[in-house]
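A.B. asks: here's a sequence, model it:
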Amino acid sequence: MKGLEKLTSIRLAEVLTHKGAVPTDVITDALYTQDRHGESFVDLLVTGGNITEWDLSKMVVENFQLPFIMAGNYEISETARDAIPKATLFENLIVPMDKLGDIMTVIMPILTPFEVLSKIQRNCKVEIFPYVGLISENKRVLGELFKDFAKWQKEHQAALEAKSRDAVNQPADKGADGDWANIFDAGDAMVRSTIDSKKEG
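C.D. replies: The predicted structure follows:
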């Protein structure tokens, strides 16, 4: 997975800002929600109607030099399916493709951050080579591969909504927000810097 350290939401946010594909305030809100509530940055952009998953996946393919594949067009091997825990696949909407020795190909739901892929590599003792796929297609294929995916997804969505409600109803923890603010401010500064350089150019 050499060179994939650039697979981050912040880098994608920079690309989207530079191209003017999504309004800056929407990008900022999505980065905040991802960090605060654990929701996927790309999923938030797509479900919010700010960009289609096709257009977003095209940007990831072009800017991160990654191959694209529709999960339903590939025959998933049982070895790959069983190599990564179901919970990990479900949480990240990753579809396992194939496994040869310690090398494994997977399909990301548009973009999975490097940190997540790196953790999977360590825990499963495999070297991951990711393909870009669509969120909706990955969900469909995971539902076909695992009978309990639909139930898990419903429970997961309910948990996210409850967490979001709790965050709104409770006063913020200044210590936790301090850590978050540092990350968020750094990301916001990068996005603003990209906007400024675009204006100057």
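A.B. asks: drop to CA atoms for contacts and neighbour counts, all remaining ones
C.D. replies: Noted.
A.B. asks: low-confidence stretches in this protein?
C.D. replies: 1-3, 167-168, 170-201 (pLDDT under 70).
A.B. asks: which residue ranges of it form helices?
C.D. replies: 9-19, 24-37, 41-47, 53-64, 78-81, 86-92, 114-124, 135-145, 149-169, 174-200 (DSSP state H).
A.B. asks: of those, give the one that comes closest to Ala71.
C.D. replies: Proximity to Ala71 (CA to CA) singles out helix 135-145 among these, at 6.1 Å.
A.B. asks: what's around Leu89, how many residues?
C.D. replies: Leu89 has 18 neighbours, counted by other CA atoms under 10 Å.
A.B. asks: name the nearest residue to it, ignoring sequence neighbours.
C.D. replies: The shortest distance from Leu89 to any non-neighbouring residue, by CA to CA, 6 or more residues apart in numbering, is to Val95 (6.7 Å).
A.B. asks: beta partners for that neighbour?
C.D. replies: On the basis of DSSP bridges, Val95 is bridged to Ile107.
A.B. asks: residues contacting it?
C.D. replies: Contact partners of Val95, counting by CA atoms under 8 Å, 6 or more residues apart in numbering, are Ala71, Arg81, Leu89, Val106, Ile107, Met108, Asn138, Val141, Leu142.
A.B. asks: re earlier: can you say which of the helices of the chain is nearest to Gly101?
C.D. replies: Evaluated over the helices of the chain, closeness to Gly101 peaks at helix 78-81, with 10.1 Å, by CA to CA.
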